[in-house]
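Colleague: sequence below, structure please.
(2 chains)
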Amino acid sequence: MKKPPGEEPKDALTVTPPKKWAAGVPAVVHALEYSLEQTSVGKTGVDLLTMNQVGGIDCPGCAWADPAPGHRHRNEYCENGAKHINDEATGRRVTDDFFRRHSVTDLSGRSDMWLNHQGRLTRPMVKRPACDHYEPISWSDAFGLLADELNSLASPDEAVFYTSGRASNEAAFVLQLFARAFGTNNLPDCSNMCHESSGFALHETLGTGKGTVSLHDLHHADLIFLVGQNPGTNHPRQLSALEQAKLNGARVIAVNTLPEAGLLRFKNPQKARGVIGHGVQIADRFVHIRAGGDLALFQGLNRLLLEAEDARPGQVLDHEFIRSHTSGFEAFAEHARTIGWQDVRAATGLTRDQIAKLRDDVLRSERVIVCWAMGVTQHKHGVPTIREIVNFLMLRGNLGRAGAGACPVRGHSNVQGDRTMGIWEQMPDAFLDALREEFGFDPPRAHGLDSVNTIRAMREGRIKVFLGLAGNFVRAAPDSAVTEDAMRTCRLTAHISTKLNRSHTVCGETALILPTLGRTERDFQAGGEQFVTVENSMSEVHTSHGRLKPASNLLLSEVAILCRLARRTLGGEVAVPWEEFEGDYGAIRDRISRIVPGLHDFNRRVARPGGIRLPNPVNEGVFPTPAGKALFTRNAWEMPEVPRGHLLLQTLRSHDQWNTIPYTPNDRYRGIHGSRRVVLVNPDDLTELGLSEGAHVDLVGVWTDATERRAEDFEVVPYPTTRGSAAAYYPETQILVPLDSVADTSNQPTSKGVVVRLEPVAAGAAQG
Amino acid sequence: MHTVEETIDIAVPVRTAYDQWTQFKSFPRFMTVVRRVEQVRPAVTAWVIGVGPVRREFEAEIVDQEPDSHVTWRSLERRPGHRGEVRFRPTAAGGTAVTVRIEAEPRGVAGRLSGVPGLTGRVLRSELGHFKEFIEGRGEAGGAWRGSIRHGHVHPAEPEPPRSRVPCWPVG
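Modeller: A predicted model of the protein is given here:
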């Protein structure tokens, strides 16, 4: 067993200039360094060489698609994927003795990094009421305790079942089946906090909630927009696709508040040009936009395209596409022509001439793709922004055509698949009818709670039991102090987890840790060795086979935990063969194939190399909106009011981090080393605010309620963010995101648009 | 630009010849240089072409397609690129005249090699002969796609083609 670190590392910030390129040899070195620190050479070899290969482990790191079978590299993973998978394959273990030595109170004072570094959980643990320590519990007793608590609820709606995007399709399907058989649609998920705005906007305008492009399209696009996303850190394998596109002649426009290294240049460590050469330039044009200005940017761009059409009638817009496949164009165009350049300038920081350069790029390009991520979705107007992107694509027929389309870039590896499996609090009746038909019980129809509404309901005392399937809800959710108080109101919180995190330490009166197999591990059940399936960001559903020996003999798979819990809770109430499901995941896939459209013959088709590509109706010429056509929309924006002396803060991840878990306190690309308590601010803003480099400040949130939201003692780092924008790491600054500050329609927390002021800390206080 | 064009008369009705042509995945059954075809979606196909030990892969976009009339395509690779067209015309005898025209960007030494390996009039003639033999021998098409494509956009034949029946609810 590898020894975990005993004490928290001390903060010791050093700052170096931000990198101007991503990956290259340092990426390989850092990946191997972290891997070997966590696990052995042998395990690292097995997991890395089977990662993202046909018949291998699907990297849980992100949802980026794999190249077609036969076109994959021997090493088909990135630095962060390698770190993530070996973080799971770690040789460190959390023992009974660990929990005897560390009380829950002690653990709740520890950092996310320290908790993660303790290693893999090995047996079920319980924290009983009025106790401050976790102690061992048998699986049977754990299921009994949870089942009794669930069955004692006044209503099934007093329970909540949360899913993280790491969960497999099979586990997700079983969880939603259990929740609905139990009687609730309370199925919040991490999607609620990352791409919910994309789903709502795409569903409303195109009739489908998923992106429309595949790797083929990216490789052959003429122009690719990267809006509010950081591929170098959050989806590094996207850089290979962008490199391919560039080599094929594409231009790339990056729109961001920060000049991220991965947007500028990529040194592919698998190519000579990336190891000894200069790599490939990614962005031909970097648009340094103000936080939240993307809607105004696309509206300005759309106005310029309409004016270009006026100047050259019939040569700019795709009239046939607009006529035959869309509706609402006239009203949209009328509104777009009223967009004021002063307003656009205020929102974006860009002049009309700067946007006209983008228009010229667009007019030179036959095939255009827009990729986006949370820099777009996590704003109050995230949904209208994506609707405006759809308007932009439709003007020149860049939808449903080769090399063109909409590309929301998702994070968690199976976040899209979990939704396909029915993890959503508002599933349509057709899905619920299919469940009734298949299993003979009537699923509840009233919509359940999403993530934000779950916290609101907890706060009001309406939730008694919280079960988390993977993830770290307490840290992923906004308004940390509010969320933590809310979690503590629960009678029972239970988490199905591989490693320790803060959600185990901020818990209900009773708390359960239900340790589970990781994606990397072999999964033997009564029916033999099992595999699971996942769906990537490009709607490809494929298998993932664990390759490593489980971290402990006492671990159960996610499916096994959920099936046993369901049996214990529901007894024979519903005709679901939980035992058969646990023994053979193929039996679950058989049922999925009869319930989820497009996954017919699931078992046979998913076994083929590359799996199943779920078609996107848009690419079939079908727009499943009520009108049967794609909708042009009129979108208004309302920029957050940022009073003088305040900044608009965005929370973001460092390069050495996976979701809520930092691996080290470094952020190599941004030149931040040794500390995460930093706030990145434009040097001119610092001057205006009277702050200097290295000053210590509290970040204080400004919101409409009376609550003070304060993130204490951050060191100021001058950084080339856009004027008026600041950035600091998530989840440390989640405390500043008000629970009620959500995107319109999608109810997604606005973690990229938080109004803050920087209050200098007295010198003595900073050191203390 | 290296251009080849061949026409062949086939003794089946236009609809039969056209429908069979839309079954791209079946091409390796009767064409000798086509090793594998994947229909990525109605307007995008991925091809593996091989002559002797030489293999070339390319993806093609169907730009225009009209049932019982024509299919025009272009390779998505731009260097080297090619574009092609197949037309179906009824003959007086009740059969079909199938004309294929392919324009390929020259590559290699002095532009003598085409972007599509082995593309010569003789090879195209021979492959069309294989198509004729296949569909005449069968007498009926092994499937059909009756939608149309205009400027790369698909117009399905039915209100809802089966392939579009997939989960459409919002995905976060």
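Colleague: got the residues of chain B near chain A?
Modeller: B:40-44, B:46, B:59, B:61, B:76-79, B:147, B:150-156, B:159-161, B:163-172 (CB under 8 Å from any CB of the partner chain). All C-beta atoms are positioned from the backbone trio N, CA, C, and that covers glycine.
Colleague: hmm, residue B:81 is touching residue B:105, no?
Modeller: Yes - Residue B:81 sits in contact with residue B:105 when judged by CB atoms under 8 Å, with a separation of 5.2 Å.
Colleague: buried subset of the residues of chain B next to chain A?
Modeller: For the residues of chain B next to chain A, a neighbour count by 16 or more other CB atoms under 10 Å in any protein chain shown gives the buried set as B:40-44, B:46, B:59, B:61, B:76-77, B:147, B:150, B:152-154, B:156, B:161, B:163-172.
Colleague: which residues does the residue lying closest to residue A:699 once chain neighbours are set aside contact?
Modeller: Closest residue in space to residue A:699, ignoring its immediate chain neighbours: residue A:711 at 4.3 Å, by CB to CB, 6 or more residues apart in numbering or on different chains. The contact partners of residue A:711, taken as CB atoms under 8 Å, 6 or more residues apart in numbering or on different chains, are A:698, A:699, A:700, A:728, A:732, A:733, A:735, A:736.
Colleague: so what's the residue count around the third one?
Modeller: Same thing as residue A:700. Neighbour count of residue A:700, defined by other CB atoms under 10 Å in any protein chain shown: 17.
Colleague: is it fair to say it lies in a strand?
Modeller: Yes - when classified by DSSP: H, G, I helix; E, B strand; the rest coil, residue A:700 is found to be part of a strand.
Colleague: if we can go back for a sec, farthest pair in the contacts of residue A:711?
Modeller: A:700 and A:732 (14.4 Å; CB to CB).
Colleague: where does the prediction get shaky in chain A?
Modeller: Screening chain A residue by residue with the criterion pLDDT under 70, one finds the ranges A:763-768.
Colleague: excluding chain neighbours, what is closest to the closest residue to chain B within it?
Modeller: Closest to chain B within chain A is residue A:191: 2.5 Å, counting by CB to the nearest CB. Distances taken as CB to CB, 6+ apart place residue B:172 nearest to residue A:191, at 2.5 Å, with adjacent residues excluded.
Colleague: quick one: contacts for the one you found?
Modeller: So, once contact is read as CB under 8 Å, 6+ apart, residue B:172 ends up touching A:189-192, A:194-196, A:198-199, A:415, A:419, A:424, A:746, A:748.
Colleague: and it, how far from residue A:423?
Modeller: Distance from residue B:172 to residue A:423, counting by CB to CB, to the nearest Å: 9 Å.
Colleague: try residue A:8
Modeller: 35 Å.
Colleague: more neighbours: these two, which one.
Modeller: Neighbours per residue (other CB under 10 Å) separate residue A:8 from residue A:423, with residue A:423 holding more: 31 against 12.
Colleague: so that one is in contact with residue A:169, correct?
Modeller: No - Residue A:423 lies out of contact with residue A:169 (CB under 8 Å); the separation is 9.9 Å.
Colleague: which ones among the buried ones among the residues of chain B next to chain A map onto helices?
Modeller: Counting by DSSP state H, no part of those is found in helices.
Colleague: quick one: list the elements packing against the helix or strand in which residue B:102 is found.
Modeller: When elements are defined using DSSP states H and E, residue B:102 is found to belong to strand B:96-104. Strand B:96-104 sits against strand B:2-10, helix B:14-21, strand B:82-90, helix B:121-138, with contacts defined as 3 or more CB pairs under 8 Å, 6 or more residues apart in numbering or on different chains; DSSP states H and E.
Colleague: show me where the stretch 151-300 of chain A has its helices.
Modeller: Taking DSSP state H, counting those that start in this stretch as the criterion, the stretch 151-300 of chain A contains helices spanning A:169-182, A:191-194, A:196-206, A:215-220, A:231-234, A:237-247, A:261-264, A:272-275, A:294-311.
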